[in-house]
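> Next come a sequence and a model predicted from it.
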Amino acid sequence: MHLKEELNQGQLRAVTYDGKHLLVLAGAGTGKTRTIIARAAHLIASGVDPSKIQILTFTKKAANEIVERVKASLPQSNSQAISGATFHSWCNQLILKYPNLFGAAAFTVIDPDDQLGIMKMISGTHADTYAKLRIKPQQLLDIYSYARNTKKNLTASIRILLFKSKVDKDTDYEIAAMKPHVEVLLRAYQQKKMEQRYLDYDDLLLVVATQLKTNADARELLAQNLEYLLVDEMQDTNPLQWELLSPFVEICKLFCVGDDAQSIYSFRGADFKNVHQFKDRVPQSEVYKLEKNYRSTQEILDLSNWLLDHATIDYNKRLEAVRGPGEKPIILNVSDEWQEANWIADEILKNYTDEDRNFADHLILSRSQYYTKSLQAVFIRRKIPYVTYGGRKFLQAAHIKDLVSLLRIVNNPYDEIAWVRFLTFWEGIGEVRASRIMAAIIADEGKTAIATLLAANISGTDGQIISELYRAVTQEKGKVGKMVEISYEAMALGLAFKYRKDWTEKRKADFPVLKLLAESYASLGEFIGEGLLDNAEKMNGANVLTESKLSTDEQKDHVIISTIHSAKGLEADVCIVLNVSPKSFPSAYSLDDIDAIEEDRRVLYVALTRAKNRLIITRNTASISAVHARSTPTQDGKNTDDAETYFLTGLPEALVAQETVGHQFHQVKDAPKPNTIDLSSGMDFN
Ligand SMILES: Nc1ncnc2c1ncn2[C@@H]1O[C@H](COP(=O)(O)OP(=O)(O)OP(=O)(O)O)[C@@H](O)[C@H]1O
């Protein structure tokens with residue numbers, strides 16, 4: 001097996017381990033993925049039946065990738081039988097495979113949308129109880145799922161999810177008052193699931209875990225069909241997943257890999273102590289470490305090590321680069337998102353043309369996709385092909401599509417998809433009515449002005465508004481930014497209502513960006529065509545929407561814009577981590593919670609360690625100046641200095657190179673006391 005020749009001693013020792021259970025606890029880029037792949041390949045090459053090996057990962061993508069790489073490394077055709085899955089899909093498969101054993105033969109699996117539907121129904125049938133709570137059905141489901149995944153009781157789960165873990169008399173009182181009502185609704189939800197024979201996603205794990213825990217025959221049966229369980233990202237397993245894994249300690253051999261410093265899912269109940277306590281919990285087990293990093297240059301690791309050294313948790317890690325030295329990481333100080341976006345676009349285009357790098361050599365990481373909308377707008381404009389991981393592409397968001405549907409019909413009155421979307425946006429127009437209106441307009445074959453037809457075919461004031469809007473937008477043909485502005489003004493109320501859940505926090509701010517993007521196009525056709533809004537639906541939602549001309553020639557070369565949470569396991573030559581500014585690292589929401597601060601630190605650690613050769617960290621100069629200028633008193637009167645919690649405070653200058661875009665970044669030094677001003681100066685009344 002040639003894979004083995006590509007392993008270092010530590011990796012090889014893990015891959016060929018012949019004891020019972022093993023945890024490989026290792027830092028970023030030390031070859032954990034490579035090790036798990038090689039372990040599977042080694043087992044198959046040593047004669048283990050591939051169908052008796054199960055790989056468990058956190059995403060389907062990771063499962064497919066690992067399985068494909070195992071298959072590719074083996075000549076044997078029997079490696080095809082090896083299986084990789086997420087915890088949920090694996091449990092689903094087990095339930096289907098052993099319908100009697102798990103007692104769920106006639107059950108149907110329901111997804112989160114169905115769950116919400118049921119919970120809404122229950123809120124309706126228990127209206128009196130529900131009215132006593134001021135929480136949404138989704139929050140009830142979140143509490144239910146959190147409690148089951150973390151094995152915390154209902155009171156604790158309510159406290160954590162609804163009261164930010166606060167412990168004081170008032171909070172205790174409020175929780176005690178609401179808990180009985182929450183309990184009634186959750187019990188009703190459980191009963192409904194039983195009556196209707198539904199399994200929600202968490203049930204899949206629980207059904208399997210409970211049966212295996214309590215039933216020795218069940219364990220015996222499974223043991224006949226499973227020899228090895230290989231678990232990736234062990235640090236992100238939560239107590240429920242641990243409960244599922246526990247019976248397998250007896251059933252088969254566990255081979256787990258993980259990195260406690262990359263545990264970033266505690267909001268889903270992940271508990272990286274699962275890896276810290278592995279040896280105590282699993283008899284006949286060993287823990288091996290891997291310390292050599294193959295991904296990054298030493299400068300990138302020095303910065304990552306420095307970050308971890310300042311944690312309150314001892315990760316006992318010091319990454320050492322096998323590859324030796326390289327470039328210093330760059331901190332890029334910018335004044336706003338547009339400046340940041342344009343600098344990044346310049347950098348990528350320079351690397352593409354002058355340095356022979358591909359677009360795909362660039363990975364851009366952000367805490368949220370929401371933050372990247374200006375960047376996406378600049379990429380579209382400057383024809384840099386990209387894909388997004390974790391979160392939607394900016395122009396694919398439903399609220400943007402609603403508005404753009406009007407521009408599409410102005411551009412092409414025969415665009416049926418756009419017609420239906422635009423017409424059904426208005427209250428009281430359903431799909432049937434929309435089709436009728438559209439048919440009337442198309443049948444007219446352009447003889448009558450569309451605005452007139454809209455007024456004639458839609459009754460009441462809505463007809464007038466829609467017709468007027470259409471007329472106003474059409475009159476601005478050629479001024480695309482203005483068209484967006486007019487559409488937004490007319491549709492804002494409807495949009496705010498339709499997306500009331502997260503309108504102010506999330507969606508509203510996208511429209512000024514859309515307008516700016518639109519302003520940079522000379523014609524509507526170009527905007528629609530190049531923003532590639534056309535045909536998006538027809539292509540099965542494939543990524544045609546924002547991929548500009550450079551990527552349409554069948555090429556797969558594109559920049560990846562990813563949330564950090566979706567970037568686990570990824571690596572890239574050039575890695576750009578966005579907005580590592582105060583109040584973002586750590587997040588303003590984490591400041592009063594030490595665990596949350598440490599989780600944010602690990603999030604940044606994951607981001608930094610994705611880079612192979614060039615690491616660029618951007619940050620906002622205004623927020624840095626603000627931090628230096630003041631100390632913020634917290635509500636309880638304590639004086640927390642933002643500068644103290646900000647992760648990059650105290651960073652030794654030698655570890656990075658600094659660059660500033662636009663005006664110079666310097667700390668503003670104001671006079672110690674306010675001076676008086678004279679508003680009568682400069683005026684001569686003669
Ligand atoms: N023995 C080795 N020789 C050469 N390259 C290696 C070796 N082991 C790993 N690598 C390379 O190092 C990089 C990181 O490996 P891998 O992705 O397996 O690490 P990881 O521990 O899973 O990383 P992370 O947890 O940070 O995602 C990859 O490019 C991989 O090909």
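In hand now; what should we look at?
> switch to C-alpha atoms for all contacts and neighbour counts from now on
Noted.
> Show me the shaky parts of the stretch 551-686 of the chain.
Across the stretch 551-686 of the chain, the ranges flagged by pLDDT under 70 are 551-555, 627-642, 662-682, 684, 686.
> list the contacts for the residue in it positioned nearest to the ligand?
Minimum separation of the stretch 551-686 of the chain from the ligand (C-alpha to the nearest ligand atom) falls at Gly569, amounting to 3.3 Å. Applying C-alpha atoms under 8 Å, 6 or more residues apart in numbering, we find Gly569 in contact with 33, 610.
> what's the distance between it and Arg507?
When distance is defined by C-alpha to C-alpha, to the nearest Å, Gly569 is 30 Å away from Arg507.
> Same question for Ile55.
39 Å.
> Compare these two (neighbour count), which wins?
The neighbour comparison of Ile55 against Arg507 (other C-alpha atoms under 10 Å) goes to Ile55, with 25 against 19.
> What secondary structure category should be reported for the more buried one?
Here Ile55 is strand, with the state taken from DSSP: H, G, I helix; E, B strand; the rest coil.
> what sits against it?
Shown in contact with Ile55 (C-alpha under 8 Å, 6+ apart): 63, 83-85, 229-232.
> Pull out the buried positions in the helix or strand where Arg433 lies.
Here Arg433, judged by DSSP states H and E, is contained in helix 431-443. Using 16 or more other C-alpha atoms under 10 Å as the test for burial, helix 431-443 gives 433-435, 437-438, 441-442.
> Point out the other helices and strands that the next helix or strand along the chain from that helix packs with.
With elements assigned by DSSP H and E, the helix or strand that comes after helix 431-443 is helix 450-457. Other helices and strands packing on helix 450-457, by 3 or more C-alpha pairs under 8 Å, 6 or more residues apart in numbering; DSSP states H and E, are helix 431-443, helix 460-475.
> how about the ones you listed, which one is nearest the ligand?
Set against the ligand and scored by C-alpha to the nearest ligand atom, the helices and strands packed on helix 450-457 come closest in helix 431-443, at 46.6 Å.
> what sits against the closest residue to the ligand within the stretch 351-500 of the chain?
Per C-alpha to the nearest ligand atom, Asp361 is where the stretch 351-500 of the chain lies closest to the ligand, at 12.7 Å. By C-alpha under 8 Å, 6+ apart, the contact list for Asp361 reads 559, 572-574.
> Tell me which entries of these lie within helices.
Within the contacts of Asp361, no residue falls in helices by DSSP state H.
> ok, the residue of the stretch 101-250 of the chain found nearest the ligand to Asn149 distance?
Going by C-alpha to the nearest ligand atom, the ligand is nearest to Glu233 of the stretch 101-250 of the chain, at 7.9 Å. To Asn149, Glu233 is 17 Å away according to C-alpha to C-alpha.
> Ok, Trp419 next?
In terms of C-alpha to C-alpha, Trp419 sits 44 Å off from Asn149.
> And for Asp259?
21 Å.
> can you check Met438 too?
Counting by C-alpha to C-alpha, the gap from Met438 to Asn149 is 49 Å.
> returning to that earlier point: which stretch among the helices and strands packed on helix 450-457 comes nearest Thr237?
With C-alpha to C-alpha, the closest approach to Thr237 among the helices and strands packed on helix 450-457 belongs to helix 431-443: 44.2 Å.
> got a list of contacts for that closest one?
Under C-alpha under 8 Å, 6+ apart, the answer for helix 431-443 is 413-414, 416, 419-420, 423-424, 450, 453-454, 457-458.
> ok, now with 7 Å
Contacting residues not belonging to helix 431-443 are listed as 414, 419-420, 423-424, 450, 453, 457 [C-alpha atoms under 7 Å, 6 or more residues apart in numbering].
> repeat for stretch 142-161
165-166, 175, 179, 238-240, 268-269.
> Return only those of those found close to the ligand.
The overlap between the contacts of stretch 142-161 and the neighbours of the ligand (C-alpha under 6 Å from any ligand atom) is empty.
> Ala611 - how many residues pack around it?
What Ala611 shows, counting by other C-alpha under 10 Å, is a neighbour count of 28.
> Just give the nearest non-adjacent residue to it, would you?
Cys575 (5.0 Å; C-alpha to C-alpha, 6 or more residues apart in numbering).
> so where is the stretch 1-150 of the chain shaky, pLDDT-wise?
In the stretch 1-150 of the chain, residues with pLDDT under 70: 1-3, 76-78.
> Could you export the helices and strands packed on helix 450-457 as CSV, including mean pLDDT and distance to the ligand?
Output for these, formatted as CSV (pLDDT from 0 to 100; distance: least, C-alpha to the nearest ligand atom, whole Å):
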stretch, mean pLDDT, distance to the ligand
helix 431-443, 88, 47
helix 460-475, 93, 49
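> Which neighbouring elements make contact with the host helix or strand of Cys91?
Using DSSP H and E, Cys91 sits in helix 87-97. Applying 3 or more C-alpha pairs under 7 Å, 6 or more residues apart in numbering; DSSP states H and E, one finds that helix 87-97 makes contact with helix 201-214.
> Keeping just the C-alphas, turn the helix it packs on into PDB.
C-alpha atoms of helix 201-214 as PDB (Å, rounded to 0.1, in the frame of the first residue of the first chain):
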ATOM      1  CA  TYR A 201     -33.200  13.700  13.600                       C
ATOM      2  CA  ASP A 202     -32.200  13.300  17.300                       C
ATOM      3  CA  ASP A 203     -34.500  10.300  17.600                       C
ATOM      4  CA  LEU A 204     -32.400   8.500  15.100                       C
ATOM      5  CA  LEU A 205     -29.400   8.600  17.400                       C
ATOM      6  CA  LEU A 206     -31.400   8.000  20.500                       C
ATOM      7  CA  VAL A 207     -33.300   5.000  19.200                       C
ATOM      8  CA  VAL A 208     -30.000   3.300  18.300                       C
ATOM      9  CA  ALA A 209     -28.200   4.400  21.400                       C
ATOM     10  CA  THR A 210     -30.900   3.300  23.800                       C
ATOM     11  CA  GLN A 211     -31.400  -0.100  22.200                       C
ATOM     12  CA  LEU A 212     -27.700  -0.900  22.200                       C
ATOM     13  CA  LYS A 213     -27.300   0.300  25.700                       C
ATOM     14  CA  THR A 214     -30.000  -1.800  27.200                       C
END
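> how far is it from where the chain is centred?
27 Å (C-alpha atoms, centre = their mean, to the nearest Å).
> and for stretch 656-663, what are the contacting residues?
With C-alpha under 7 Å, 6+ apart as the criterion, stretch 656-663 contacts 328-334.
> coming back round to it: between all of the contacts of Asp361, which two are at the greatest distance?
Val559 and Asp573 (11.3 Å).
> buried residues in stretch 389-404?
So for stretch 389-404, counting by 16+ other C-alpha under 10 Å, buried means 389, 393-396, 399-404.
> Correction: the previous question concerned stretch 336-352.
Buried, per 16+ other C-alpha under 10 Å, within stretch 336-352: 336-345, 348-349, 351-352.
> can you put those residues in CSV and add pLDDT, secondary structure and distance to the ligand?
Listed next are the buried residues of stretch 336-352 as CSV, based on pLDDT from 0 to 100; DSSP: H, G, I helix; E, B strand; the rest coil; distance: C-alpha to the nearest ligand atom, whole Å:
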residue, pLDDT, secondary structure, distance to the ligand
Asp336, 89, coil, 30
Glu337, 89, helix, 28
Trp338, 89, helix, 30
Gln339, 92, helix, 30
Glu340, 95, helix, 26
Ala341, 95, helix, 26
Asn342, 94, helix, 29
Trp343, 96, helix, 27
Ile344, 97, helix, 24
Ala345, 96, helix, 25
Ile348, 97, helix, 21
Leu349, 96, helix, 24
Asn351, 96, helix, 21
Tyr352, 95, helix, 21
